[in-house]
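Novice: Here you go, sequence then predicted model.
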Amino acid sequence: MEKKWFIGIDISKKTLDVVIYVPTKKHADETNYERFLNKEEGYKSLLCWLKKKNMAKKRLVISMENTGIYSFDLCLFLEAASIDYCSFNPLHLKRSLGLVRGKNDRVDAERIAYFAYLHRDELSYSKLSGSSIIRLRDFAAERKRFVKQQAEYKGFLTDRKDCEMTSTIGRAAHMVKILDEEIASVEEEMLQIINSDPSILRNYELLNSIKGIGTINAMNTIIHTNNFQAFETARQYACYLGIAPFEHSSGTSIKGKTRVYPTGAKLLKADLSQAANSAIVWDKEMKEYYERKRKEGKAYGVVLNAVKFKLVGRMFAVVKRGTPFVELMTYKK
């Protein structure tokens, strides 16, 4: 059913600023703006406010920025109420709206609603991940914090490896050991969640059949693709990671090299770099490809990025086929 009402919400920790976009008005007036509490009481008041304006749920769409934990409860409520909503990337919104002067919550909500109205024919409605994916995401974030802390302590110990043993160095070594145990504990809980969900377990095992893709990269991919439901193609996910190459040319004067762009999930890309380095060592086809491209004069980073792109392609391929990866070089005569 075609949408008639486009509503923008600017989300903060405690409040929701809500604006109903009206194409015939330059700016929203008091009748189309309201502020609610960012909790269940406020969500119910929002629903009552919309009903008073005779807005049918099937004819409206609510749009918002993806603000993580601050928008999570609202998304749960909207899904339970069968209301379509779109959760936009804040950076995408900022760059799409052009030059902006001034800022307040009401204006931000109006801009979000306006963005949804402009793109009404191509909106893709959001949907929360399943409970298993959400729990995996929380554990992955916890593991990342532990790994970061451990890296700091390891760096401290490396700098003082030739120094006399002190209580400070001893405590740092002890913290490295404790964090090792905590990381192992988190990974064990993540594996328990994976083993308890057949659809996730199936894809996890398929990903691990690819040389270079280990436990962490398989988990990361399942989490950030919503178990391969959030992206239709490998290139879409590669764009999300920031490893997809794009043409850089204009007219006859600008003919730059094809290149990747810095925006992307940098930590995921870093983990995938480790997978690419491993694949170059253990996968015959990847090793042959890497060596051939390096002999052609390609820079190390360029070739490594291409290997990462190939790994992403393989991950989507095995999941789509539903069969483990087969190394073709094994059968090459």
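Specialist: Noted; the coordinates are in hand.
Novice: alpha carbons only for contacts and neighbour counts from here, please
Specialist: Will do.
Novice: So, low pLDDT: which residues of the stretch 51-200 of the chain?
Specialist: Along the stretch 51-200 of the chain, the parts satisfying pLDDT under 70 run over 102.
Novice: quick one, helices of it?
Specialist: For the stretch 51-200 of the chain, helices defined by DSSP state H, counting those that start in this stretch occupy the ranges 69-80, 90-96, 105-118, 131-159, 167-196, 198-208.
Novice: Quick check: residue 246 touching residue 258?
Specialist: Yes: taking Cα atoms under 8 Å as the contact criterion, residue 246 and residue 258 are neighbours in contact, 5.3 Å apart.
Novice: before we move on, back to that, nearest to residue 27 among the helices of the stretch 51-200 of the chain would be which one?
Specialist: Each of these was checked against residue 27 via Cα to Cα, and the shortest separation belongs to helix 105-118, namely 7.8 Å.
Novice: Give the other helices and strands that that closest one contacts.
Specialist: strand 5-11, strand 15-21, strand 60-65 (3 or more Cα pairs under 8 Å, 6 or more residues apart in numbering; DSSP states H and E).
Novice: start to end distance for stretch 159-178?
Specialist: Between the opening and closing residues of stretch 159-178 lies a distance of 20 Å (Cα to Cα, to the nearest Å).
Novice: start the count at 30, not 1, going forward
Specialist: Will do, 30 is the new start, and the previous item becomes stretch 188-207.
Novice: Tell me which residues of it come out buried.
Specialist: Within stretch 188-207, the residues that qualify as buried by neighbour count (16 or more other Cα atoms under 10 Å) are 198, 201, 202, 204, 205.
Novice: Residues touching that stretch, excluding its own?
Specialist: Contacts with stretch 188-207, where a contact means Cα atoms under 8 Å, 6 or more residues apart in numbering, come from 179, 182, 183, 185, 186.
Novice: low-scoring pLDDT stretches of the stretch 230-362 of the chain, where are they?
Specialist: For the stretch 230-362 of the chain, the stretches flagged by pLDDT under 70 are 277-285, 288, 290, 292-293, 357-362.
Novice: Would you map the strands across it?
Specialist: Assigned by DSSP state E, counting those that start in this stretch, the strands in the stretch 230-362 of the chain fall at 275-279, 283-288.
Novice: just the helices in the stretch 230-362 of the chain please.
Specialist: So, for the stretch 230-362 of the chain - with DSSP H, counting those that start in this stretch - the helices run 244-253, 263-270, 295-311, 313-324, 329-350.
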